[in-house]
Each structure stands twice: as C-alpha cells, then as structure tokens.
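Participant: here is my input, please return the structure:
(one chain, ligands or ions: 2)
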Amino acid sequence: MALTSESIDSHQRTGQPWNDMLPEALESMSSPREEVRGMGSILSKVSQVFILTDENVAPFWLPEVEYGLKCEKAVEIVIKPGEQHKNLQTVQRIWKILMKHHADRNSLLVNLGGGVITDLGGFAASTYKRGIKFINVPTTLLAMVDAAIGGKTGIDFGGAKNQIGTFAEAEDVLVDPVFLSTLPRREILSGLAEMLKYGFVADADLLKSNLKDYQQYISRAGEIKREIVAKDPMENGLRKILNFGHTLGHAIESHCLTIDYPLLHGEAVALGMAGALWLSVKRCGLDEKVLKDFEKKLLVLLSETEIAFADADVESVMGYLAHDKKNQGDKPQFVLLEAIGNPVWNVEVEPDLVKASLLYIIKVSRR
Ligand SMILES: NC(=O)c1ccc[n+]([C@@H]2O[C@H](COP(=O)([O-])OP(=O)(O)OC[C@H]3O[C@@H](n4cnc5c(N)ncnc54)[C@H](O)[C@@H]3O)[C@@H](O)[C@H]2O)c1
Ligand SMILES: [Zn+2]
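Facilitator: Numbering: from 1, shown residues only. Ligands and ions are numbered 1, 2, ... in the order given. From the prediction side, this is the model:
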C-alpha cells in the first residue's frame, strides 16, 4: 500500500488505521540482540559501560540490550520518563552515578530510549570530565529519524526547551525498528510526522513511501538528516531546513502545555507543517495540491489526540512565536517550500499572514 492521500482515505473509510501494517512489518525484523552485538568493537576498547534508559523502556528492552552487548557488568541508570525530566537535576544524578562508579574518560554511556534519553545522555556524557564516549540506541521512531542523529544534545532550562546543550557526536547510532513493537501508536504517529518533514524538504519519494518498507523508510530519513548535518553541522544555514514546520509547531506545542493539553512533539510539528505549507502556497508559489494532500495525512497523524487549540488561542501562540530561539530579533523565521524538495529558509512573514495561517491550522485540524 503506497503512502498516498488515496490510501489514507481508504484506511479512514474502512476504519483501518494507517499504521496497522506495522506489527506485521516489525515481526520480520531482526532481534536487537543481533544489532547490538555489532557494537563489540567499540565495547572492547572501553573501561566501563553505563546504560541510561527510562522506566518505560527498561522492562521491555534493558535485559535484551544488556544480553546483546554481553555486558553483565554494565551500570544501569534508569530515570523517570518524560520531557519534564530532561533537566539539570537528572543530569546531576547521572554525573553522580558516573562519579560513584569511578567512570573515567575511557568509559562509555549507552543511551537506550527516545529523544529525551538521547538528548539527556548525550549532554551528560559530553560534559562529564570534558566528554566521554556515548552511543545512541533510539527506541522511538522520532529518535530514530531525528533526535539520536546529528550531534545536538541538550536539556530544558528556565522553562524553555533545549536551552542548554552541546554539539557532540555519538560514537555510533544503532537503529533497529524492532524497538518500535512496544511503542504506543500515538508515539508512532508523532514520529511519522517528523519523518514526513524530510519528504517535504528533501525527497518527494518519502511522501509516497510504502509503509511495508518501513525499515528502508527510516533509514532514508536518517540518511537525509546525516547528509544535511554533514554540510552544515552548526546550523549556520542549510541545516535550518530541518526546522520545517517547527516555527509554528514549537509555538503551538508551548501554548498547548499552558492550557494543560499537551501535544506530542510530532503532533505539534504536523500542525506546524500544515501552516508552513499554507504559507508556502501564499508566499512561495507552492502548488496547492501539496497542501490538499497533506490535509488528509494530517487527520491520520492527529487521530490519537484531541486538538484543544481554538481561535481564541491565536494571540497566545503569536506570543510564543515572538520568543522563538530561531528568530533574528523578534521576527519569526520560517522555512517554506517553493516546491517539494525545494525549501527556502530565513523567510520573514508579516504577522497578519502568520495569524491567518494559525486560523487555517485550527480549521483544518478540526474537520
Ligand atoms: N537532538 C535533536 O536533534 C533532537 C531532534 C528532535 C527531537 N529532540 C528531542 O527529542 C525529545 C522527544 O523524543 P521522543 O518523542 O522520542 O520522546 P521520549 O523520549 O519522551 O519518548 C516518548 C515516550 O515513549 C516511551 N518509550 C520510548 N521508547 C519506547 C519503546 N520502545 N516502547 C515503549 N515506550 C517507549 C518513553 O518512555 C516516553 O514515555 C524531545 O525532548 C526533543 O526536544 C531532539
Ligand atoms: Zn522535531
């Protein structure tokens, strides 16, 4: 089944969700044990292994990964799950455990989890004794295609996301889709939204991909991120295209936290991409068909959540936009598309048009 608006339509009509094929696709995949065994060469060179994970991931995957690593002596660091723990207190806890076990500069931290774990663990490792090695083993789709790749680490601070961080590359990133077999459907859809981002900015085929080729789909998204990061590691220019959908997305995400209706990151990005496509039609001559096709995908991406975002919220979202850290001064900067695979960045959009794009998002997400 091709990932097209028609196929999504037919799934909606039959009540069959878009990702029903996932378990079938996952069953045919290898066990993470085989995948992680490939890490032997790195492990033989380190003095001690620490594994950082969270309480949701640990029961499913920690024993598997330890077994695969042949690492009975690894020190386990299991933290509480969720973005609210991606903070300095948790980093201090990790540093203390590393110190208690006399981790030296030749120690290795394995980050086993979603983007919260890879961001936190990467930050803790890259700062402990001026930096120890770390490996990312992403267990969410979002982390496999985005968070675990590209060398950005970080924590939230002072009420704002990712305010403190480092650029530090993992020694290796082990992507194995088998981990997704235990991931809630809502989280899968959130990751799929982030994956579609790569289709819009770099590869139209990703927007049409066959979900049965799931593994291939993930690796292509990762490949695109790696290529872009290699060309612009410090985000001086080109890397900004990876923020497609994120200007409006982050502002909506922040606003929804305050009305106590949190959206997952990918859900907010899905809304942000709808707005960015709408602006691209108005400002950059993007073919309207691209927008119409995405409107159908959007409903599937948001099918596990309720959108409590209404016209009355537009001013609040505009306030968050003014504080976006991608801004130059107080003007929000957008990544827009002239065509699929043809993004433009640092685009300033007048406030009235931004407001209109938010009203469009509200309308289209409530159908
Ligand atoms: N550094 C980067 O370049 C970058 C890029 C994108 C996102 N991020 C960061 O990534 C984070 C979001 O990542 P995320 O969506 O992976 O969130 P997450 O790490 O919070 O994981 C989502 C939820 O799924 C659970 N989980 C993870 N793997 C599981 C599995 N296999 N089975 C069952 N449950 C599982 C987690 O415990 C958590 O409750 C954000 O903090 C974001 O800022 C970083
Ligand atoms: Zn994102």
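Participant: next, find the distance separating the residue of the stretch 251-367 of the chain found nearest ligand 1 from L69.
Facilitator: The nearest approach of the stretch 251-367 of the chain to ligand 1 comes at H265, 5.2 Å away (CB to the nearest ligand atom). All C-beta spots, glycine's among them, are computed from the backbone N, C-alpha and C. H265 sits at a distance of 29 Å from L69 (criterion: CB to CB, to the nearest Å).
Participant: repeat that for W61.
Facilitator: Distance from W61 to L69, by CB to CB: 12 Å.
Participant: and if you look at G131?
Facilitator: Taken as CB to CB, the span from G131 to L69 is 22 Å.
Participant: thinking again about what came up before, who touches the residue of the stretch 251-367 of the chain closest to ligand 1 in this structure?
Facilitator: Neighbouring residues of H265 by CB atoms under 8 Å, 6 or more residues apart in numbering: 115, 142, 190, 194, 249, 253.
Participant: within reach of ligand 1, which of these are there?
Facilitator: Counting by CB under 6 Å from any ligand atom, 115, 142, 190 from the contacts of H265 sit close to ligand 1.
Participant: count the neighbours of the second one for me.
Facilitator: Meaning L142. 25 (other CB atoms under 10 Å).
Participant: looks like it contacts L192 (just checking).
Facilitator: No - L142 is beyond contact range of L192, at 9.0 Å (criterion: CB atoms under 8 Å).
Participant: need the overlap of contacts for the two.
Facilitator: Common neighbours of L142 and L192 (CB under 8 Å, 6+ apart) are G266.
Participant: how are the helices of the stretch 201-350 of the chain distributed by residue range?
Facilitator: Ranges of helices in the stretch 201-350 of the chain, per DSSP state H, counting those that start in this stretch, are 204-208, 214-231, 246-258, 265-284, 288-301, 314-322.
Participant: my error: substitute the stretch 1-150 of the chain in the last question.
Facilitator: Using DSSP H, counting those that start in this stretch, helices in the stretch 1-150 of the chain cover 5-14, 22-27, 32-37, 40-43, 57-69, 88-100, 115-127, 141-142.
Participant: what ranges do the strands span in the stretch 51-200 of the chain?
Facilitator: 75-79, 108-113, 133-138, 155-157, 160-164, 172-173 (DSSP state E, counting those that start in this stretch).
Participant: with mean neighbour count, mean pLDDT and distance to N243 as extra columns, can I get these in a markdown table?
Facilitator: Output for the strands of the stretch 51-200 of the chain, formatted as a markdown table (neighbours: other CB atoms under 10 Å; pLDDT from 0 to 100; distance: least, CB to CB, whole Å):
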| stretch | mean neighbour count | mean pLDDT | distance to N243 |
| --- | --- | --- | --- |
| strand 75-79 | 18 | 97 | 28 |
| strand 108-113 | 30 | 97 | 23 |
| strand 133-138 | 28 | 96 | 20 |
| strand 155-157 | 19 | 93 | 18 |
| strand 160-164 | 14 | 87 | 12 |
| strand 172-173 | 17 | 92 | 21 |
